[in-house]
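Engineer: using only what follows, build the 3D model:
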Amino acid sequence: MIYPRELKPNSREIFQLSCDEIIEISKVKILFEKWIGEPLKDNYGSKTILNFNGEPVFAELAILRILKNDCWNGVWVDTYKRKYRTEYWKNKNGVELPLNKQKLLNKIFENLGSKNGCWNVFFGKAKKLCLQN
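Structural biologist: Residues are numbered from 1 along each chain as shown. You can find the predicted model right below:
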């Protein structure tokens, strides 16, 4: 898989799945600047607000911005408020997922036995032509 430059794995984590099965997962560690602009009234219960290109965002939304800039589509899976989001302050109602993506996530949630502990960001490469701003 070809990731955006900012999201290329730069470390690995080892997980022991069972007594004799160990797997290594690639992961990326990113350092974002903290938002130092005008304080926002709604910080989602003290969630850290980051500066992404002069815009206040949560970490999940910063990741989505990086992906979108590289022609990926995705959502923040907000399990606390049970919404899918691409924005927070501009659209508090969330967005709908295409039916096939919703079915896939439902199957994952069903196998996990919960919506908690799943990914915070769900994404895939855009199939249509992506035009950069």
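Engineer: right, and the helix or strand after the lengthiest helix in the chain?
Structural biologist: Ranked by residue count under DSSP state H, the longest helix found in the chain is helix 99-112. Counting by DSSP states H and E, the next helix or strand C-terminal to helix 99-112 is strand 121-125.
Engineer: which non-adjacent residue is nearest Ala62?
Structural biologist: Phe52 (4.4 Å; C-beta to C-beta, 6 or more residues apart in numbering). In short, each C-beta sits where N, CA and C put it, glycine included.
Engineer: surely that neighbour touches Phe32?
Structural biologist: Yes. With contact defined as C-beta atoms under 8 Å, Phe52 reaches Phe32; the gap is 6.9 Å.
Engineer: neighbour count: those two, which is higher?
Structural biologist: Per other C-beta atoms under 10 Å, whichever of Phe52 and Phe32 has more neighbours is Phe52, with 19 against 14.
Engineer: that older thread, identify the bridge partners of the residue nearest to Ala62.
Structural biologist: Listed by DSSP bridges, the beta-bridge partners for Phe52 are Glu55.
Engineer: so what's it up against?
Structural biologist: Neighbour list for Phe52: Phe32, Leu61, Ala62, Arg65 [criterion: C-beta atoms under 8 Å, 6 or more residues apart in numbering].
Engineer: pull the contacting residues for Ala62.
Structural biologist: Phe32, Leu50, Phe52.
Engineer: counting by contacts, list what the longest helix of the chain packs against.
Structural biologist: With contacts taken as 3 or more C-beta pairs under 8 Å, 6 or more residues apart in numbering; DSSP states H and E, helix 99-112 sits against strand 121-125.
Engineer: for the strand it packs on, buried residues please.
Structural biologist: Neighbour counts over strand 121-125 (16 or more other C-beta atoms under 10 Å) mark Val121, Phe122, Phe123 as buried.
Engineer: ok now it, how far from the chain's centre?
Structural biologist: Mean-position distance between strand 121-125 and its chain equals 7 Å (C-alpha atoms, centre = their mean, to the nearest Å).
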